[in-house]
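Chemist: Generate coordinates for the sequence data below:
(one chain, ligands or ions: 1)
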Amino acid sequence: MSKKKIVVLTGAGVSAESGIKTFRDHGGLWDQYDPYDVASIDGWYRDRKLVLDFYNVRRKQLQEVQPNAAHLAIAGLEQDYDVAVITQNVDNLHERAGSTRVLHLHGEMTKVRPENSFNDQDGFSEKEVFDIGYGEIHLGDKAPNGSQLRPHIVFFGEAVPSIGKAIDLVMEANIILIVGTSLNVYPAAGLYRYAGAGVPIYIIDPQDVPVSDSRVHHIKEVATKGMETFMNILKNK
Ligand code: OAD
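Modeler: Next comes the predicted model:
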């Protein structure tokens with residue numbers, strides 16, 4: 001018998017217990033910084049140094065944190081299920097926890113690409129994306145094509161290249177699990193709506209969630225505890 005398909009959609013909350021700040025919680029990153037300065041395409045062209053420094057600091061922080069029990073539990077689901085993780089996070093904690101199929105909707109912090117590598121299909125060429133690990137990039141750091149390197153991040157104001165692939169995964173899922181996202185940023189926030197009729201949707205978040213869909217079961221807990229609850233629900237299904 002083929003394995004059931006679980007699609008796990010994650011946001012900043014899944015990494016909160018690893019010590020990475022969320023964006024919109026009280027004291028979150030967007031209390032400290034204006035996203036339109038540090039994470040938008042207009043902000044990039046206005047002040048590249050500010051944007052590079054913002055991600056240089058966050059990349060260094062990423063090196064210092066570890067995946068938590070929620071990342072590990074999500075990776076562990078692969079033993080019994082066909083799992084695809086669709087994450088809005090630009091950290092690499094799902095991969096470091098052992099998840100083998102991770103789609104990064106908003107890019108990846110450990111990767112860079114030239115700023116002028118646009119094409120009509122996906123906004124950039126995957127061939128020009130490369131890994132810098134936890135290193136820094138600075139103004140004047142150039143790609144082989146001679147153009148300034150930029151973070152491999154989907155800035156506000158840019159298209160989300162992998163949204164089509166994400167929709168296809170959600171449409172095929174037997175179970176949807178959403179962990180730690182305020183469901184504020186589209187198109188990611190609308191993805192769960194593509195789930196088939198009758199597909200259960202579990203949401204793990206300690207706060208109220210802005211959804212009213214009869215398929216949704218809200219597990220009102222932090223990610224690590226909520227994953228234990230979710231695993232028990234799966235066991236008893
Ligand atoms: P948000 O900061 O908007 O939301 C974080 C969610 O995690 C909230 O619903 C919190 O209640 C929840 N949360 C907090 N601590 C938690 C914990 N320990 N366990 C589980 N949940 C917890 O983050 P996102 O929804 O991921 O985009 O934000 C979406 C996008 O907005 C990000 O990808 C980023 C940001 O601007 C870009 O930078 C392009």
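
Chemist: got the residues of this structure near the ligand?
Modeler: 11-13, 16-17, 22-25, 28, 35, 39, 88, 106, 154, 156, 180-182, 184-185, 204-207, 222-223 (CB under 6 Å from any ligand atom). Heads up, the C-betas are built off the backbone N, CA and C, glycines and all.

Chemist: Going by neighbour count, which of those residues are buried?
Modeler: Among those, those classed as buried by 16 or more other CB atoms under 10 Å are 11-13, 16-17, 22-25, 39, 88, 106, 154, 180-182, 185, 204-205, 222-223.

Chemist: So which of the residues you listed sit within helices?
Modeler: Assignment to helices by DSSP state H places the following of those there: 13, 16, 223.

Chemist: and the helix or strand bottoming out on mean pLDDT in the chain, what other elements does it pack with?
Modeler: Taking mean pLDDT, DSSP states H and E as the measure, the chain has strand 130-131 as its least confident helix or strand, at a mean of 91. Packing partners of strand 130-131 (3 or more CB pairs under 8 Å, 6 or more residues apart in numbering; DSSP states H and E): strand 107-114.

Chemist: Relative to the strand it packs on, what are the paired strands and their orientations?
Modeler: Note on strand 107-114: by DSSP bridges, its sheet partners are strand 130-131 (antiparallel), strand 149-153 (antiparallel).

Chemist: any idea which of those strands scores lowest on pLDDT?
Modeler: Out of these, strand 130-131 stands lowest, with a mean of 91 (criterion: mean pLDDT).

Chemist: Pull the residues that contact that strand.
Modeler: Where contact means CB atoms under 8 Å, 6 or more residues apart in numbering, the residues beyond strand 130-131 that reach it are 110-113.

Chemist: Kindly reformat the residues you listed as a markdown table containing pLDDT and distance to Asp47.
Modeler: Listed next are those as a markdown table, based on pLDDT from 0 to 100; distance: CB to CB, whole Å:
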| residue | pLDDT | distance to Asp47 |
| --- | --- | --- |
| Thr110 | 97 | 23 |
| Lys111 | 96 | 21 |
| Val112 | 95 | 18 |
| Arg113 | 91 | 19 |
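
Chemist: which two in those residues are spaced the farthest apart?
Modeler: Checked with CB to CB, these reach their widest spread between Thr110 and Arg113, with 12.1 Å between them.

Chemist: Check the chain for its longest helix and report it.
Modeler: helix 48-64.

Chemist: what about it, distance to the chain center?
Modeler: Remark: helix 48-64 is offset 17 Å from the chain centroid, using CA atoms, centre = their mean, to the nearest Å.

Chemist: now the next helix or strand after that helix: mean pLDDT?
Modeler: Scanning forward in sequence from helix 48-64 by DSSP states H and E, the next helix or strand is helix 69-76. Computed over helix 69-76, the mean pLDDT rounds to 98.

Chemist: by contact count, what packs against helix 69-76?
Modeler: Secondary-structure packing of helix 69-76 (3+ CB pairs under 8 Å, 6+ apart): helix 13-16, helix 93-97, strand 175-179, helix 223-235.

Chemist: Now tell me what touches the second one from outside.
Modeler: It stands for helix 93-97. Outside helix 93-97, the residues within contact range by CB under 8 Å, 6+ apart are 10, 14-15, 18, 20, 65-68, 71-72, 74-75, 85, 87, 102.

Chemist: make it 10 Å
Modeler: 8, 10, 14-15, 18, 20, 62, 65-76, 85, 87, 99-104, 108, 110 (CB atoms under 10 Å, 6 or more residues apart in numbering).

Chemist: could you dump the contacts of strand 130-131 to a markdown table with neighbour count?
Modeler: As requested, these are exported to a markdown table (neighbours: other CB atoms under 10 Å):
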| residue | neighbour count |
| --- | --- |
| Thr110 | 20 |
| Lys111 | 17 |
| Val112 | 24 |
| Arg113 | 21 |
